[in-house]
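Novice: Predicted structure and sequence below. I'll ask about it afterward.
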Amino acid sequence: MVHGSKAPDNAAPKDLPALDKLLRECAPVVAEHGHTLVAREARALLDGLRARAVAGELPRAELDTLPQTLAARVTARMQPHMRAVLNLTGTVIHTNLGRSLLADAALQQVLALTGSPNNLEFDLATGARGDRDDLIEDLLCELTGAEAATVVNNNAAAVLLGIAALARGQEAIVSRGELVEIGGAFRMPDVMAAAGATLVEVGTTNRTHPRDYQAALNPRTGLIVKVHTSNYAVQGFTASVDEATLAPIAHAGGVPLMTDLGSGALVDLAQWGLPAEPLPQAMLAAGCDVVTFSGDKLLGGPQAGLIVGTKAAVGKIRKYPMKRALRLSKLPFAALEATLRLYLRPERLVQDLPTLRLLTRPQAQIAALAQQLLPAVAAAVAPRFTVEVVALQSQIGSGSLPVDRLPSAGLALSAVDGRGRTLEALAVVLRELPRPVIGRIHEARLLLDLRCLEEPMPLTSQLSVLKESLA
C-alpha cells in the first residue's frame with residue numbers, strides 16, 4: 001500500500017509554491033486589495049495546504065488553481081458580516097432581521113449627511129454651538145402635543161434614563177402586572193436597580209386598582225411608572241389603571257407619571273384595519289409627564305428612544321449626566337428626523353413608510369405574487385421538494401400586538417423523502433444564497449411568507465444558484 005504523501009495524485013509539502021511566487025502570480029489581486037491583506041490570506045492558505053500535504057490529503061490538482069483560490073479568499077474576507085436578506089418569515093418587524101425598513105426619504109437624508117459636514121451641533125442662525133435635540137424637538141412636539149422632547153439611542157435607554165433622572169435615590173411605583181421582560185433579558189426590576197431607584201410593586205399579577213397606587217405613595221416616592229405590555233397579553237379576570245386615572249393620583253402625591261409605550265405608533269393604526277396601539281399624544285393628553293417609545297418599531301424609523309413630555313420632566317432628563325452616554329448619533333438622528341417628517345403628511349404614509357406599507361398589504365395581492373412565483377420556485381427545487389401556494393398568518397413582530405395576526409400567503413416547500421433533516425438542509429441552502437432567504441419551518445414544511453416581498457426579482461434572480469446548490 002502506498003502512503004498518501006507518496007501517491008502520484010497527491011502533492012508533497014515541497015510542491016507548494018513560495019509565498020513570493022504566489023503573490024507574483026496574483027499581482028492583479030495585490031494591486032486591488034494591497035499587499036498586507038493578500039499576503040496575510042496567502043500565508044493562511046499555504047499553511048492550511050501544507051498541513052494537508054503532510055497528512056497526504058492534498059490533491060495535486062489543487063495547486064493548479066491556487067491564484068483563483070487566493071483571489072476567492074480575499075474577496076470573501078472583504079465581504080461584510082452584516083448583509084441584506086429576504087425576510088420571508090412572516091414577521092414584519094423582525095428584531096433579529098433589523099426591525100423596520102427605512103423610508104427612501106430617510107435613506108437619502110442619511111446618505112447626504114454622512115458624506116458631508118453637517119450642523120449636528122451647530123446653530124446656523126447664531127454661528128454658535130448648538131444642541132442636537134434642537135433639530136428634532138419642535139417636530140416631535142408638533143406630532144405628539146408635548147411641551148418638550150429629547151431622543152436617545154433606543155427605548156431601553158429612554159426608560160433607564162427617565163427613571164434615573166426622575167427617581168434616583170427614591171422609590172418608583174410599578175404594577176406587578178407590568179414588571180415585563182423583553183428581548184435580551186431586559187427586565188423592568190433590573191432597570192430600576194440600574195437607574196438607582198427602589199422598586200415598589202403594587203397590586204397583583206392580574207389585577208391592580210387605583211387604591212394600590214394611592215396606598216404606596218409616601219415622602220420617598222419619586223415616580224410612578226406605567227409599562228405598556230406590548231409583548232404579551234394577560235386575559236380573563238384582570239384589572240389595570242389607565243393613565244387618565246393614574247395621572248391625578250400621581251400629581252396629588254406630588255410625583256410625575258411616566259409611561260413606556262414600547263412600540264410607539266404615532267398614528268391610529270385602526271384606520272388601516274390594524275389593531276389599535278396607544279398613542280403618545282393620547283398619553284400626554286391623559287396627563288402623563290413623560291412618555292417613552294421606540295423609533296424602529298411601529299413608528300417605522302431607525303433604532304431610537306423617543307422621550308416626550310412636560311418641560312419640567314424632560315428638562316431634568318436632558319440635563320442628567322447619563323444622557324450624553326445614551327445620545328443618538330448623527331446617522332440614526334438623520335434617519336429619524338426624515339422619518340418623522342413623513343408624519344406631517346399622513347395621507348401618504350402607506351406609500352412612503354415601508355413598515356406601514358408591508359403591514360397593510362392585502363392578502364389577495366400577496367397570494368397573486370405567490371402564484372406568480374410558484375412555477376419558477378418549483379422548478380428550482382425539483383425533484384427533491386414539492387411547492388404549493390398556501391394561506392398564512394403573518395405577525396407584526398418586535399413585541400408589538402403579539403396575539404394579533406395578519407392574513408397573508410406564501411409558498412410551502414415539502415421534502416419528497418419526508419425527512420426533517422432534508423428540510424433543514426434546504427433552509428441552510430437558502431441562507432447561503434447571495435442574498436440569504438430566511439423562512440421558517442413549521443409542521444414539516446418550509447414556509448416562505450411573501451408579505452415582506454414586494455416584487456419577485458430579489459427571489460427569482462437567485463433561483464438558478466439555488467438549483468445548482470441542490471443538484
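Specialist: Done, it's in.
Novice: so where's this structure shaky on pLDDT?
Specialist: 1-8, 182-185, 230-234, 399-403 (pLDDT under 70).
Novice: can I see the domain layout of it?
Specialist: 4-77, 86-94+360-470, 104-350 (automatic domain parsing).
Novice: which residues sit in contact with residue 155?
Specialist: Neighbouring residues of residue 155 by CB atoms under 8 Å, 6 or more residues apart in numbering: 260, 262, 264, 292, 293, 294, 295, 304, 305, 306. Just so you know, the C-beta spots here come from the backbone N, C-alpha and C atoms, and that holds for glycine as well.
Novice: Also residue 374?
Specialist: Applying CB under 8 Å, 6+ apart, the residues near residue 374 are 387, 388, 389, 411.
Novice: Surely the first one touches residue 411?
Specialist: Yes. Counting by CB atoms under 8 Å, residue 387 touches residue 411, with 5.5 Å between them.
Novice: Just the CA trace of stretch 109-117, in CSV.
Specialist: The C-alpha trace of stretch 109-117 is given here as CSV (Å, rounded to 0.1, in the frame of the first residue of the first chain):
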residue,chain,number,x,y,z
GLN,A,109,-31.0,62.0,4.3
VAL,A,110,-28.5,59.6,5.8
LEU,A,111,-26.5,59.5,2.6
ALA,A,112,-26.5,63.3,2.3
LEU,A,113,-25.3,63.9,5.8
THR,A,114,-22.7,61.2,6.1
GLY,A,115,-20.9,62.4,3.0
SER,A,116,-20.7,65.9,4.1
PRO,A,117,-20.1,68.0,7.3
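Novice: where's it relative to the chain centroid, distance-wise?
Specialist: How far stretch 109-117 lies from its chain's middle: 22 Å, per CA atoms, centre = their mean, to the nearest Å.
Novice: Quick check: buried residues in the helix or strand where residue 333 lies?
Specialist: Using DSSP states H and E, residue 333 sits in helix 330-342. For helix 330-342, a neighbour-count test (16 or more other CB atoms under 10 Å) marks 332, 333, 334, 335, 336, 337, 338, 339, 340, 341, 342 as buried.
Novice: so what does it touch, helix or strand wise?
Specialist: helix 104-114, helix 137-144 (3 or more CB pairs under 8 Å, 6 or more residues apart in numbering; DSSP states H and E).
Novice: Could you pull out the helices in the stretch 51-200 of the chain for me?
Specialist: Using DSSP state H, counting those that start in this stretch, the helices assigned to the stretch 51-200 of the chain run over residues 66-77, 104-114, 137-144, 155-167, 188-194.
Novice: Adding distance to residue 254, write those helices out as CSV.
Specialist: Output for those, formatted as CSV (distance: least, CB to CB, whole Å):
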stretch, distance to residue 254
helix 66-77, 61
helix 104-114, 41
helix 137-144, 25
helix 155-167, 12
helix 188-194, 20
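Novice: Out of those helices, which is the most enclosed?
Specialist: helix 155-167 (a mean of 25; mean count of other CB atoms under 10 Å).
Novice: Excluding chain neighbours, what is closest to residue 207?
Specialist: residue 239 (4.2 Å; CB to CB, 6 or more residues apart in numbering).
Novice: Quick check: the two most widely separated of the contacts of residue 374?
Specialist: 387 and 389 (8.1 Å; CB to CB).
Novice: So between these two, which is more surrounded?
Specialist: residue 387 (23 against 18; other CB atoms under 10 Å).
Novice: Please list all residues in contact with the more buried one.
Specialist: So residue 387 contacts 374, 377, 378, 381, 411, 412, 413, 414 (CB under 8 Å, 6+ apart).
Novice: can you rerun that using 10 Å?
Specialist: 370, 373-381, 411-414, 445-446, 448 (CB atoms under 10 Å, 6 or more residues apart in numbering).
Novice: Just confirm it is within a helix.
Specialist: No. The assignment for residue 387 (DSSP: H, G, I helix; E, B strand; the rest coil) gives strand, which keeps it out of a helix.
Novice: which ones are touching the nearest residue to it once chain neighbours are set aside?
Specialist: Spatial nearest neighbour of residue 387, excluding adjacent residues (CB to CB, 6+ apart): residue 378 at 4.3 Å. Contacts for residue 378 (CB under 10 Å, 6+ apart) come out as 385, 386, 387, 388, 411, 413.
Novice: rewinding a little: now the buried members of the contacts of residue 387.
Specialist: 370, 373, 377, 380, 381, 411, 412, 413, 414, 445, 446, 448.
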